[in-house]
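# Requesting a structural model of the entry that follows:
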Amino acid sequence: MNGDTAAVPDRSSPATAAAAGGQIQQGTPAFRRTAAALFLAGFSTFGLLYTVQPLLPEFSRHFGVSAANSALTLSLSTGLLAVSMLIAGLISDRIGRRSVMVAALLASSVLSVATAMVDDWTTLLVLRTLLGIALSGVPAVGMTYLAEEMDSRALGLAMGLYIGGNAIGGMSGRLIAGIVADHWGWRWGIGVVSLIALLSTVLLWIQLPPSRHFQSRRGGLRELPSRWRSLFGDPGLPWLFATAFVLMGVFVTLYNYLGFHLLAPPYGLSQTVVGLIFSVYLVGTFSSAWMGQQANRHGRSRVLAICYGLIALGIVLLAMPWLGCMAAGIALVTFGFFGGHSVASSWVGSRAGAMRAEASALYLFAYYLGSSVAGVLGGVFYTRWDWLGVCGFVGVLTLAGGVIAWRLGQRVQPASAALALSR
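Numbering: from 1, shown residues only. Okay, the predicted model is just below:
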């Protein structure tokens, strides 16, 4: 054993992984700094992505555009994020995880700051499109970094904290932007979230240890088509990708246009109150874990169907003219969405086996594509038939999701031979 391997590492250093260059152990300073850095990265990523959602009515008023056009500020970002995530992981395979995440969050923060300064609608949309591309570097790489660098006994907690940062960031970005915009305007709403993201970028760069177990790989892009063909040859995975599209499409569409509905007569609620609606996301932090446990006990397809049933009931309540019913409705939709997403995403991972990374990328692609496509189409229904048109549109999507859940229960068997061969 040489002197380097015998030396005792300095555990006070943020770059410390474990003794003798091993993986990061739970309870060490390296674990705490890594977990905190990636929590902030996830928090800022989804805060930047969704910060415009409570501001859609303000964009419509300020720029003189329709509800559907104002929703493009979110749909373009999520659409390009969906596509770019398929490529960002391959880039990180070549140049490293840490550098991709730091560069992605820095570029996204700067683009978001620029968004708060423009006064031209087309320029705003271009910046939000570029922001979607830049943001892809964090969600596409963060989980892979943790899987490579964390000790197996520390991975569950670290992954949970990272995903928690994603959820809390998505909620907080909406809340902060909505409340600040109500007092100082939409520019400050975006600006405050952008400054938080810039600070998080600095902390990510300082705190996150370099990759110790990363190995550069090439040629991944050429192999993707054959791998995707194998995934689509499975009898269950394509339906799970469709589930992601439907779940996110329903969820984002309702939240996109609920603000328009509540700011208008006869309700006339303030931007602050509308922003506070997003605190119902806290329901999802319980739902995702609890529904996942129920799926293990009662079967995934059955629990997924129940989630769609809760969403459908929530939509019925949202169509009612009373605020109490609407509050209960959005809570039910949120509960059902997070529960369904937890069940479907874990189902993808269990079916895909050795191709879990590619299957997860396609699931997230469909997930954000649903947000982009349904989010815009919902605006068309809102423009023509007001809030009840939106409820009808997402009601049809939810019915389609229920049919998919039934088909999964009736037709899906253990992983197909096509996937088995790929392992």
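
# mind listing the helices for the stretch 251-400 of the chain?
271-276, 281-298, 300-318, 323-352, 356-411 (DSSP state H, counting those that start in this stretch).

# do you know which of those helices lies nearest L48?
Smallest distance to L48 across those (Cβ to Cβ): 14.2 Å, for helix 356-411. In this view, the C-beta of every residue, glycine as well, is placed from N, C-alpha and C.

# got the angle between the closest one and helix 323-352?
110 degrees (axes from the mean of the first three to the mean of the last three Cα atoms, to 10 degrees).

# Below-threshold pLDDT in the chain: ranges please.
Along the chain, segments meeting pLDDT under 70 span 1-21, 156, 159-160, 216-224, 349, 353-354, 356-357, 411-423.

# need the helices of the stretch 251-400 of the chain in CSV with distance to A88 and mean neighbour count, can you?
CSV is the format used below for those (distance: least, Cβ to Cβ, whole Å; neighbours: other Cβ atoms under 10 Å):
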stretch, distance to A88, mean neighbour count
helix 271-276, 30, 20
helix 281-298, 24, 16
helix 300-318, 29, 22
helix 323-352, 18, 21
helix 356-411, 9, 20
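
# Can you add distance to V102 and give those back as JSON lines?
Formatted as JSON lines, those follow (distance: least, Cβ to Cβ, whole Å):
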{"stretch": "helix 271-276", "distance to V102": "30"}
{"stretch": "helix 281-298", "distance to V102": "27"}
{"stretch": "helix 300-318", "distance to V102": "36"}
{"stretch": "helix 323-352", "distance to V102": "26"}
{"stretch": "helix 356-411", "distance to V102": "21"}
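
# Which of those sits closest to D93?
helix 356-411 (10.1 Å).

# Need phi/psi at M150.
phi -90, psi 140 (degrees, to the nearest 10).

# whoops, H213 was the one
Per degrees, to the nearest 10, the backbone of H213 is at phi -120, psi 10.

# Helix or strand: which one has the closest residue to it other than its chain neighbours?
Spatial nearest neighbour of H213, chain neighbours left out: E148 (4.6 Å); criterion: Cβ to Cβ, 6 or more residues apart in numbering. Assigned by DSSP states H and E, E148 belongs to helix 142-149.

# in that helix, what counts as buried?
By neighbour count on 16 or more other Cβ atoms under 10 Å, the buried set for helix 142-149 is 142-146, 149.

# Could you do stretch 89-96 as well?
Buried-residue list, stretch 89-96, by 16+ other Cβ under 10 Å: 89-93, 96.

# ok, the residue lying closest to G259 once chain neighbours are set aside to S301 distance?
Residue nearest to G259 in three dimensions, not counting chain neighbours: V274, with 4.7 Å by Cβ to Cβ, 6+ apart. Between V274 and S301 the computed distance is 36 Å (Cβ to Cβ, to the nearest Å).

# now do Y50
On the measure of Cβ to Cβ, Y50 and S301 end up 30 Å apart.

# cool, R351 as well?
13 Å.

# Quick one: distance of stretch 31-51 to the chain centre.
From the chain centre to the centre of stretch 31-51 is a distance of 12 Å (Cα atoms, centre = their mean, to the nearest Å).

# got it, and stretch 293-305?
22 Å.

# got the contact list for it?
With contact meaning Cβ atoms under 8 Å, 6 or more residues apart in numbering, stretch 293-305 is reached by 243, 291, 339-340, 342-344, 346-347, 402, 405-406, 408-409, 412.

# for stretch 114-126, same thing?
59, 63, 65, 69, 72-73, 76, 127-128, 131, 187-188, 190-191, 194.

# go again using 10 Å as the cut-off
By Cβ atoms under 10 Å, 6 or more residues apart in numbering, the residues outside stretch 114-126 that reach it are 48, 51-52, 59, 62-65, 69-70, 72-73, 75-77, 111, 127-128, 130-131, 185-195.

# So what does A71 look like in phi/psi?
Residue torsions, per degrees, to the nearest 10, at A71 are phi -70, psi -20.

# pretty sure it is touching S60, no?
Yes: if you go by Cβ atoms under 10 Å, A71 and S60 touch, sitting 9.2 Å apart.

# what do these two both touch?
Shared contacts of A71 and S60, defined by Cβ under 10 Å, 6+ apart, comprise 260, 379.

# Which one's more surrounded, these two?
A71 (30 against 19; other Cβ atoms under 10 Å).

# The more buried one: what's it in contact with?
Residues near A71 by Cβ under 10 Å, 6+ apart: 52-53, 56, 59-60, 65, 252-253, 256-257, 260, 372, 374-380, 382.

# again with Q207
Applying Cβ under 10 Å, 6+ apart, the residues near Q207 are 14-15, 30, 32-38, 40-41.

# Of the residues you listed, which belong to helices?
Among the contacts of Q207, DSSP state H puts 30, 32-38, 40-41 in helices.

# just the residues you listed now: which is nearest S279?
Nearest member of the ones in helices among the contacts of Q207 to S279, counting by Cβ to Cβ, is L40, at 20.4 Å.

# wait, doesn't that closest one sit right on G169?
Yes: L40 is within contact range of G169, at 8.6 Å (criterion: Cβ under 10 Å).

# Between those two, which contacts overlap?
Contacts common to L40 and G169, judged by Cβ under 10 Å, 6+ apart, are 196-197, 200.

# Mind checking which of those residues land in helices?
196-197, 200.

# which one of those has the most neighbours?
That'd be A197 among these, by other Cβ under 10 Å, with 27 neighbours.

# Contact partners for that one?
Residues in contact with A197 (Cβ under 10 Å, 6+ apart) are 40-41, 43-45, 47-48, 51, 105-106, 108-110, 112-113, 135, 169, 173.

# Which among those count as buried?
By 16+ other Cβ under 10 Å, the contacts of A197 give 40-41, 43-45, 47-48, 51, 105-106, 108-110, 112-113, 135, 169, 173 as buried.

# Sort out for me which of those residues are in helices.
Using DSSP H, the buried ones among the contacts of A197 in helices are 40-41, 43-45, 47-48, 105-106, 108-110, 112-113, 135, 169, 173.
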